[in-house]
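Q: Structure of the sequence below:
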Amino acid sequence: LTEDVIKEWHYYFYQCTECRRCSVFCPYGIDQAEITLMGRELLNLLGLNTEWIAGPVANCYMKGNHVGLEPQTIMSNIEFLMEDLQDITGNTSGLGLSVQKGAQAAVDEINANGGINGKKIVMNTYDTKGDVTEAVNSYITAVTVDQVSLIVGPPVANIANAIKETSEGYDVPVVGLAMDPACQTKSEGVPYKNMFALQPSATTQGDIMAAFAVKNGYKTFGILYNQENAYSVSLLAPFVDRLAEENITVDNSMIVAYGAADTDYKTLLLPLVNANVDAIYCPNYTQQLVAIETAATELGYKGKIITGLDGAPGFNTTYGGDCSNIYYINNINTEDETIAAKIAEIQNDVSAPNKYFLGYDIVMAAADCVAKVGTDYTALHDALENLSYEGVTGKITIDPTTHMPTGMSMYMYTYDNQTPVMLEQFAG
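A: Numbers count the residues shown, from 1 in each chain. Down below sits the predicted model:
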């Protein structure tokens with residue numbers, strides 16, 4: 001047995017296609033295929049094989065599949081992986097849980113209808129715990145370990161602000177609800193490449209609330225805001241600026257700032273109540289609003305309190321008392337029959353219905369983009385920058401220069417005791 005003989009065997013044994021046609025015509029019935037198969041086995045014992053046989057076998061051994069696909073590549077062919085980055089625990093857990101449940105409802109609906117182009121959506125939820133460090137760590141895990149294609153971002157500006165710089169180093173869009181334009185736009189006026197918000201900006205919402213107040217005859221205002229909270233701060237200037245356009249000036253003595261350590265709301269409110277202002281503007285989170293409303297009532301304040309989105313349900317159930325002096329802005333029209341029916345269905349599980357529908361719209365809008373362009377980052381990013389989607393919360397049209405919606409309507413509400421009453425729709 002020489003090297004030349006082995007080469008001759010190799011040439012001969014691998015010329016055969018194993019079709020067995022020769023055995024049909026051979027007068028002696030010799031099955032050449034069986035001979036070549038035994039010859040190939042002998043050659044394999046010598047370590048001699050062909051790439052198209054040895055390669056797939058090695059791939060099966062090393063990777064678990066004959067084409068050598070990595071696990072994440074296989075999953076990307078059958079699943080679309082996204083992360084839900086929310087405050088599931090912590091001070092704003094009611095908001096985060098509501099967004100998460102709305103997002104999951106959209107995922108379940110899409111998957112029940114066959115997924116996105118046949119791919120099922122898998123959504124992992126990470127709890128930021130209301131902590132910026134936890135949020136950054138969760139973001140990095142999602143994009144580097146889980147290799148998600150998209151992140152459902154939080155409704156809380158502080159968390160979005162924490163991850164915006166980190167997100168610049170990766171190619172994963174963060175589609176959230178942070179109203180503060182600084183969460184989406186850099187100081188030089190260009191957007192953070194991955195940060196998107198699918199609800200009107202603080203600029204739009206503050207302007208609407210001020211326009212509503214003036215339209216309803218209010219002329220004197222006090223303001224109580226949290227200077228340590230990005231959401232609260234972002235709503236201050238737009239409100240004051242719109243009042244100025246209406247020739248109404250809020251004296252600096254009527255603008256009261258506080259921090260996390262300040263919990264004596266009676267003392268904070270006292271100068272505003274003593275001034276007998278027509279309305280007090282309080283763009284604060286729900287828990288603080290409840291304490292502020294309680295303090296204002298105990299001080300005998302008879303005017304109106306104008307809040308942001310956090311005055312919406314479940315502020316009323318958390319407060320528990322008569323909320324008739326509250327005005328708040330909202331993303332949804334609760335007089336719409338479909339929306340009203342869904343609110344009735346989820347009311348025992350969802351504390352903030354507006355956040356539920358916002359979470360739902362994020363996933364639906366993102367899925368619409370993926371269905372059109374796939375998960376390639378550049379294509380998906382461009383689709384989000386040019387998004388035009390009719391959601392439950394309204395027509396979402398993203399401005400590529402700000403990564404926030406333009407012209408999106410919102411609604412002003414009050415309460416009849418504990419019952420929400422929609423007053424007026426405002427175009428963005």
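Q: hey, where'd the helices end up in the stretch 101-250 of the chain?
A: Chain-ordered helices for the stretch 101-250 of the chain, with DSSP state H, counting those that start in this stretch as the definition, fall at 132-144, 157-167, 202-215, 230-234, 236-245.
Q: model confidence over the second one, on average?
A: Read that as helix 157-167. Mean pLDDT, helix 157-167: 92.
Q: follow-up on the earlier one: using CSV, lay out the helices of the stretch 101-250 of the chain together with mean neighbour count and distance to Q288.
A: For the C-beta atoms, the positions are set from N, CA and C on the backbone; glycine is no exception. Formatted as CSV, these follow (neighbours: other Cβ atoms under 10 Å; distance: least, Cβ to Cβ, whole Å):
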stretch, mean neighbour count, distance to Q288
helix 132-144, 18, 19
helix 157-167, 22, 14
helix 202-215, 22, 17
helix 230-234, 23, 9
helix 236-245, 18, 15
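Q: could you dump the ones you listed to CSV with distance to Y389?
A: Shown next, in CSV, are the helices of the stretch 101-250 of the chain (distance: least, Cβ to Cβ, whole Å):
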stretch, distance to Y389
helix 132-144, 23
helix 157-167, 20
helix 202-215, 18
helix 230-234, 24
helix 236-245, 25
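Q: Looking at the ones you listed, which is nearest to T307?
A: helix 202-215 (8.5 Å; Cβ to Cβ).
Q: tell me the angle of the closest one relative to helix 157-167?
A: Interaxial angle, helix 202-215 versus helix 157-167 (axes from the mean of the first three to the mean of the last three Cα atoms, to 10 degrees): 150 degrees.
Q: Next secondary structure after the lowest-mean-pLDDT helix or strand in the chain?
A: The helix or strand of the chain with the lowest confidence, counting by mean pLDDT, DSSP states H and E, is helix 71-78 at a mean of 61. Sequence order places strand 79-86 as the next helix or strand after helix 71-78, per DSSP states H and E.
Q: Show me what that following strand is packed up against.
A: Helices and strands touching strand 79-86, by 3 or more Cβ pairs under 8 Å, 6 or more residues apart in numbering; DSSP states H and E, are helix 93-112, strand 120-127, helix 132-144, strand 150-152, helix 353-373.
Q: neighbouring contacts of the second one?
A: In this case it means strand 120-127. Applying Cβ atoms under 8 Å, 6 or more residues apart in numbering, the contact partners of strand 120-127 are 78-89, 96, 100, 103-104, 107, 110-111, 115, 134, 138-139, 141-142, 146, 148, 152, 363, 367.
Q: give me that answer again for 6 Å
A: Defining contact as Cβ atoms under 6 Å, 6 or more residues apart in numbering, one finds that strand 120-127 is touched by 79-85, 88-89, 100, 107, 110-111, 138.
Q: and what of the last one?
A: Around helix 353-373, the neighbours that count as contacts under Cβ under 6 Å, 6+ apart are 95, 98-99, 101-103, 105-107, 110, 116-117, 150, 152, 155, 175, 177, 198-199, 312, 330-332, 343, 350, 379-380, 383-384, 389, 391-393, 396.
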